[in-house]
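**Q** Need the 3D shape of this:
(chains A and B)
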Protein chains: 2
Amino acid sequence: MTNRQIVIAELPEDALRPEHFRLTETDVPDPGAGEVQLRVILMSIDAANRSWMRGATYRAAVKTGDAMPTYAICEVTKSNSDRLAVGDIVAAEATWSDYITLPAHKAQKLPKVPQLSHLMSVYGIAGKTAYHGLISIGRPMAGETVIVSAAAGSVGGYVGQIARALGCRVVGIAGGAEKCRWVQEELGFDACVDYRAGGLSRALAEACPDGADVYFDNVGGKVLESALNVMNERGRVVCCGAVSQYDTDAPAGPRNLPGAIVVKRLRMEGFIVMDFARDDDKCLRAMRHWVERGQIKVTEDIVEGLENAPQALIGLLAGENKGKRMVRVAADPN
Amino acid sequence: MTNRQIVIAELPEDALRPEHFRLTETDVPDPGAGEVQLRVILMSIDAANRSWMRGATYRAAVKTGDAMPTYAICEVTKSNSDRLAVGDIVAAEATWSDYITLPAHKAQKLPKVPQLSHLMSVYGIAGKTAYHGLISIGRPMAGETVIVSAAAGSVGGYVGQIARALGCRVVGIAGGAEKCRWVQEELGFDACVDYRAGGLSRALAEACPDGADVYFDNVGGKVLESALNVMNERGRVVCCGAVSQYDTDAPAGPRNLPGAIVVKRLRMEGFIVMDFARDDDKCLRAMRHWVERGQIKVTEDIVEGLENAPQALIGLLAGENKGKRMVRVAADPN
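**A** Residues are numbered from 1 along each chain as shown, chains lettered A, B, ... in the order given. All right, here's what the predicted structure looks like:
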């Protein structure tokens, strides 16, 4: 029995390509004292993977030779700890691998649900990021207008659906006419603007006749610049990601920063989902409520096979996914 | 008796120059029903004057032919209103003029103090802007490090002195070695970095061995970019002004925005002093407390003569003032 791993062959200078990764095979690791062996089932694919390759962020930088770190849902296959038993389902920071070992206290036991992928999408990191960022930082109110970029992405789709459920006018930004149609028809956004079509500031102004009160930013760059142009006074910008800036060697800041913040008295604020862990129960109760009433559709984009993880990330950076992208490494155990 | 006024001869395309202004003489205006006639005593000179010439902000744009608007301290010289009597001292939005008229309810009666200029500096718009921005948005705590740009300017000097009084380590940014020395020796900052000397990010890192928790930004641009580099996680950026961007036709945004906000979970927030008017009493009590104990020095930079207002503004944009710049149009009446 071998353990496949995908490691960084070389750090990218600009755009990420398949040759920056290498598949290796090692023995399946055995757990030490207090440790567990985990079989990776589902791996979260995030733009953040790319940003970790740029240097230290809220976590240490990923370097050449490292297996790519990933948030993963795993099954316990061996245990040297009272905390966890073989067969338990856990969330953990794993790597792009078939198997990993780690101290049992670093794995978080998950409920057994019919579909594990939901613990990564609507009830997992995507749904929680959308909820906490929108609710705690964006603070939208019924009647306000909310703009969200990467609207067809894992987080953006939930942001818009939550805002709709709260009574806001919701305007998405996505790449390409087909995605924009999907965001409106499938996710029920009031409007969705194609940033690739040009004239984004004008298109946003038309889609937001009353201006915008909240902008949930997943992309940064020119799209952020355009969104700032339509913000109302006292608007809130939720800084969740800057995916347009991760895969380039020439980051460009919006030319209207900090001018727009000064003139319109905006608040821009960043967060990571763990900052609001104490509100996770509240979040999950609300998300279940909206899912059960059909106000939130669960959107998932599952790529099969560990070996396809590099292409899944490269494609995500190019914006090819609709909904939460993840890689299935092994079948659900039940 | 004539009324001198300085009007916009032409809007600047890039840097502001004297020929963008014109001195005119008209009759002294008489107040209508419910109005007062005011003699302008002191006019506040602010970088904001320049930004108003760039287009609509929190106020309407200033156009060719307009007299430059200004916050001013004035004496009531004629009154057609029960609200105000001849001899009253008021604050009002005036213009660069000897006399103006306006509805009495638009003028705010001020206490009679020995030195009217203090109502524009430490107890006026400069001190209040420093206090409200630092306290309500920056939320500094003893032991934290606070950076402030334009540290020798009207607002920056008070920001640093307030932060010192609260027990923070205070690092200024100013232009030129002489100003930096003044900021340290006269205002008591722990350090002051010369942004004109080059290597600002490194110099700030050296001046902030524990990083920075609050950055009070008056300038935007490259200085903001450097300050973001030394911010700690969960830092707060008070967006008070962007003076580096007002007098140019090529605004440039910090390249690390929104990346730094996302990665360090920063909060950046803009405000105008009127947003916190309900806390003005608290502010003035605190400022008096610190002034009486010698923890805040009153810094003023008074230019004599209405006709020198254009040069006073041009010089302010070039950073030549130390302390709150104002133009004296008439002597204090007492």
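**Q** Which single residue of the stretch 101-250 of chain A ends up nearest chain B?
**A** Relative to chain B, the nearest point of the stretch 101-250 of chain A is A:Cys239 (4.2 Å; Cβ to the nearest Cβ). Backbone N, C-alpha and C define where each C-beta goes, glycine included.
**Q** The closest residue to chain B within chain A and A:Lys222, how far apart?
**A** Nearest residue of chain A to chain B: A:Gly253, at 3.2 Å (Cβ to the nearest Cβ). Counting by Cβ to Cβ, to the nearest Å, the separation of A:Gly253 from A:Lys222 is 10 Å.
**Q** do A:Val155 as well
**A** Between A:Val155 and A:Lys222 the distance is 20 Å, computed by Cβ to Cβ.
**Q** repeat for A:Val273
**A** 26 Å.
**Q** So those two - more neighbours on which side?
**A** A:Val273 (21 against 15; other Cβ atoms under 10 Å in any protein chain shown).
**Q** need the contact list for that one.
**A** Residues near A:Val273 by Cβ atoms under 8 Å, 6 or more residues apart in numbering or on different chains: A:125, A:128-129, A:132-133.
**Q** Please apply the same query to A:Arg139.
**A** By Cβ under 8 Å, 6+ apart, the contact set of A:Arg139 is A:214, A:236.
**Q** Next up, the contacts around the residue of chain A closest to chain B.
**A** By Cβ under 8 Å, 6+ apart, A:Gly253 lies in contact with B:225, B:252-257.
**Q** Most neighbours among those residues, please name it.
**A** Going by other Cβ under 10 Å, B:Leu257 tops the contacts of A:Gly253 with 29 neighbours.
**Q** Look up how far chain A lies from that one.
**A** 5 Å (Cβ to the nearest Cβ, to the nearest Å).
**Q** tell me the secondary structure for that residue?
**A** Classification of B:Leu257 using DSSP: H, G, I helix; E, B strand; the rest coil returns coil.
**Q** And A:Ala48, by the same measure?
**A** Secondary structure, three-state DSSP: A:Ala48 is helix.
**Q** How about it: what's its closest non-neighbour residue?
**A** Leaving out its chain neighbours, the residue that sits closest to A:Ala48 by Cβ to Cβ, 6 or more residues apart in numbering or on different chains is A:Gly241, at 7.2 Å.
**Q** looking at it, the one you found is touching A:Val223, isn't it?
**A** No: the criterion here is Cβ atoms under 8 Å, and A:Gly241 misses it with A:Val223 at 11.4 Å.
**Q** Tell me which of these two has more neighbours.
**A** Between A:Gly241 and A:Val223, counted using other Cβ under 10 Å, A:Gly241 has the larger neighbour count: 28 against 25.
**Q** Would you enumerate the residues in contact with the more buried one?
**A** Counted by Cβ under 8 Å, 6+ apart, A:Gly241 has contacts A:47-48, A:51, A:150, A:155, A:217-220, B:262.
**Q** ok, 7 Å please
**A** By Cβ atoms under 7 Å, 6 or more residues apart in numbering or on different chains, the contact set of A:Gly241 is A:47, A:218-219, B:262.
**Q** go on, A:Ile314?
**A** Taking Cβ under 7 Å, 6+ apart, we find A:Ile314 in contact with A:16-18.
**Q** What is the most widely separated pair among the contacts of A:Gly253?
**A** Pairwise distances across the contacts of A:Gly253 peak at 12.3 Å for B:Ala252 and B:Asn256 (criterion: Cβ to Cβ).
**Q** Can you pull up the residues of the stretch 201-334 of chain A that come close to chain B?
**A** With Cβ under 7 Å from any Cβ of the partner chain as the criterion, the stretch 201-334 of chain A meets chain B at residues A:217, A:220, A:224, A:239-242, A:245, A:251-259, A:261-272, A:275.
**Q** Other residues contacting stretch A:205-217?
**A** Applying Cβ under 7 Å, 6+ apart, the contact partners of stretch A:205-217 are A:133-134, A:138, A:140, A:144-149, A:159, A:171, A:191, A:193, A:224, A:227, A:230-232, A:235-240, B:258.
**Q** didn't A:Ile302 look like it was pressed against A:Arg328?
**A** Yes: using Cβ atoms under 7 Å, A:Ile302 is in contact with A:Arg328, at 5.5 Å.
**Q** Quick check: neighbours shared by these two?
**A** Contact criterion Cβ under 7 Å, 6+ apart; residues shared by A:Ile302 and A:Arg328: none found.
**Q** right, and A:Asp247 touches A:Leu316 too?
**A** No: the pair A:Asp247 / A:Leu316 is not scored as a contact, 10.2 Å apart, by Cβ under 7 Å.
**Q** The two: which is more packed in?
**A** Ranked by neighbour count (other Cβ under 10 Å), A:Asp247 and A:Leu316 place A:Leu316 first, with 23 against 19.
**Q** What are the phi and psi values at A:Val237?
**A** phi -110, psi 120 (degrees, to the nearest 10).
**Q** and the residue nearest to it when sequence neighbours are not counted, how many residues sit next to it?
**A** Distance criterion Cβ to Cβ, 6+ apart; nearest residue to A:Val237, sequence neighbours excluded, is A:Met268 at 4.1 Å. A:Met268: 30 surrounding residues under other Cβ under 10 Å.
**Q** returning to what we had before: and the pLDDT for the residue nearest to A:Ala48?
**A** A:Gly241 carries a pLDDT value of 89.
**Q** Doesn't it belong to a helix?
**A** No: if the criterion is three-state DSSP, then A:Gly241 is coil and not within a helix.
**Q** Give me the distance from the helix or strand of chain A at the bottom of the mean pLDDT ranking to the chain's centre.
**A** With mean pLDDT, DSSP states H and E as the measure, the helix or strand of chain A carrying the lowest mean pLDDT is helix A:243-246 (a mean of 78). Centre-to-centre, helix A:243-246 and its host chain are 13 Å apart (Cα atoms, centre = their mean, to the nearest Å).
**Q** so what secondary structure elements neighbour the next helix or strand after it?
**A** Later in the chain than helix A:243-246, the nearest helix or strand by DSSP states H and E is helix A:259-264. Contacts defined by 3 or more Cβ pairs under 7 Å, 6 or more residues apart in numbering or on different chains; DSSP states H and E place helix A:259-264 against strand A:231-239, strand B:267-270.
**Q** Including distance to B:Pro29, could those go into JSON lines?
**A** Below are the helices and strands packed on helix A:259-264 laid out as JSON lines (distance: least, Cβ to Cβ, whole Å):
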{"stretch": "strand A:231-239", "distance to B:Pro29": "32"}
{"stretch": "strand B:267-270", "distance to B:Pro29": "35"}
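**Q** A:Leu166: which of the ones you listed is closest?
**A** strand A:231-239 (13.9 Å).
**Q** All the helices of the stretch 101-250 of chain A, in order from the start?
**A** For the stretch 101-250 of chain A, the helices defined by DSSP state H, counting those that start in this stretch cover A:125-132, A:154-165, A:177-185, A:200-207, A:221-230, A:243-246.
**Q** neighbouring contacts of the shortest one?
**A** The list of residues contacting helix A:243-246 from outside it, by Cβ under 7 Å, 6+ apart, reads A:47, A:50-51, A:54, A:150, A:218-221, A:223, A:251, A:317, B:259.
**Q** Ok, stretch A:71-87 next?
**A** The contact list for stretch A:71-87, computed with Cβ under 7 Å, 6+ apart, reads A:31-44, A:88-94, A:104-105, A:107, A:109-110, A:116, A:119-120, A:125, A:333.
**Q** and A:Asn232, what does it touch?
**A** A:211-213.
**Q** where does it land on pLDDT?
**A** For A:Asn232, the pLDDT comes out at 98.
**Q** ok, A:His118 to A:Lys112 distance?
**A** 12 Å.
**Q** again, but for A:Ala9
**A** 37 Å.
**Q** Equivalent analysis for A:Ala212, please.
**A** 41 Å.
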